[in-house]
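Participant: please work out how this folds:
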Amino acid sequence: MAARIEHLVTSGSFSLDGGTWDVDNNVWIVGDDDECVVIDAAHDADAILAAVGDRRLVGILCTHAHDDHIGAVAGVQAKRTAPTYLHPDDMVLWDRVYPDAPPSRPLENGQHIQVAGIDLEVLHTPGHSPGAVCFYAPALGTVFSGDTLFHGGPGATGRSFSDFPTIIASITDTLLTLPASTVVLTGHGESTTIGAEAEHVDEWIARGH
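Facilitator: Reported below is the predicted structural model:
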């Protein structure tokens, strides 16, 4: 069977800079009937494991290391042997959640990860966090944007380790170079397209957030 994208919404909390907020996260699974990857193991390991089923889990791919996006990594790995991939620039955040359990493998810009005949290209898109990445699947016409780009604007940059000019540069120099029809599957909330968001960059810059 051809590769497909599956979607879970998991719920929990996000904590940083002394505050805690309730959040719903998108968890994306890319694969076929035999193997898959999980993009962002958020909150609920049991739900993620149920969705993976008996398929070979090729890896857990982290768009970044805020606690709401990696909180279920340990629970998934307790039941399944699979490497976790993270950009090294986000270790400052990872270590706050898993100080004694480093991720298995580093991510770098331009890296390619294969699953179920699909190529996922790693795009380093700092700004929301230093090591934020997106995963571009041209065969699926899709980019998994984590918290770099949402329906309606860039990810938040008001907390530690984030920067607004940097995220704008990541979006304009990297994501907006993708085909306008590319579907953007986000870390929270509804999906969008590259073309739909490209129309509003000047508005985001004018707002400054």
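
Participant: just checking, what packs against the helix ranked longest in the chain?
Facilitator: Across the chain, the longest stretch assigned as helix under DSSP state H is helix 164-173. Packing contacts for helix 164-173, counted by 3 or more Cβ pairs under 8 Å, 6 or more residues apart in numbering; DSSP states H and E, involve strand 153-154, helix 201-207. C-beta: built from backbone N, CA, C; applies to glycine.

Participant: make a markdown table out of those and add distance to residue 16, mean pLDDT and mean neighbour count.
Facilitator: Below are the helices and strands packed on helix 164-173 laid out as a markdown table (distance: least, Cβ to Cβ, whole Å; pLDDT from 0 to 100; neighbours: other Cβ atoms under 10 Å):
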| stretch | distance to residue 16 | mean pLDDT | mean neighbour count |
| --- | --- | --- | --- |
| strand 153-154 | 17 | 96 | 22 |
| helix 201-207 | 22 | 89 | 12 |
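
Participant: one step back: run through who's touching the longest helix of the chain.
Facilitator: Residues from elsewhere that reach helix 164-173 (Cβ atoms under 8 Å, 6 or more residues apart in numbering): 124-128, 132, 148-149, 154-155, 157, 197, 201, 204-205, 208-209.

Participant: surely residue 191 touches residue 182?
Facilitator: No. When contacts are counted by Cβ atoms under 8 Å, residue 191 is not listed as touching residue 182 (10.7 Å).

Participant: the two: which is more packed in?
Facilitator: residue 182 (21 against 15; other Cβ atoms under 10 Å).

Participant: separation between that one and residue 38?
Facilitator: 21 Å (Cβ to Cβ, to the nearest Å).

Participant: equivalent analysis for residue 116, please.
Facilitator: For residue 116 relative to residue 38 (Cβ to Cβ), the value is 13 Å.

Participant: please say which of these two ends up with more neighbours.
Facilitator: Neighbour count, other Cβ under 10 Å: between residue 116 and residue 38, residue 38 has more, with 29 against 19.

Participant: and the helices in the protein?
Facilitator: 45-52, 67-70, 73-79, 91-97, 164-173, 194-198, 201-207.

Participant: want to throw these into a markdown table with distance to residue 186?
Facilitator: Shown next, in a markdown table, are these (distance: least, Cβ to Cβ, whole Å):
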| stretch | distance to residue 186 |
| --- | --- |
| helix 45-52 | 18 |
| helix 67-70 | 12 |
| helix 73-79 | 20 |
| helix 91-97 | 19 |
| helix 164-173 | 13 |
| helix 194-198 | 10 |
| helix 201-207 | 15 |
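
Participant: so which of the ones you listed gets nearest residue 13?
Facilitator: helix 67-70 (6.8 Å; Cβ to Cβ).

Participant: which positions in that closest one come out as buried?
Facilitator: Residues of helix 67-70 classed as buried: 67-70 (neighbour count, 16 or more other Cβ atoms under 10 Å).

Participant: check whether residue 55 really touches residue 36, as I assumed.
Facilitator: Yes. Between residue 55 and residue 36 there is a contact under Cβ under 8 Å: 5.1 Å.

Participant: who has more neighbours out of those two?
Facilitator: More neighbours surround residue 36 than the other of residue 55 and residue 36, with 25 against 16 (other Cβ under 10 Å).
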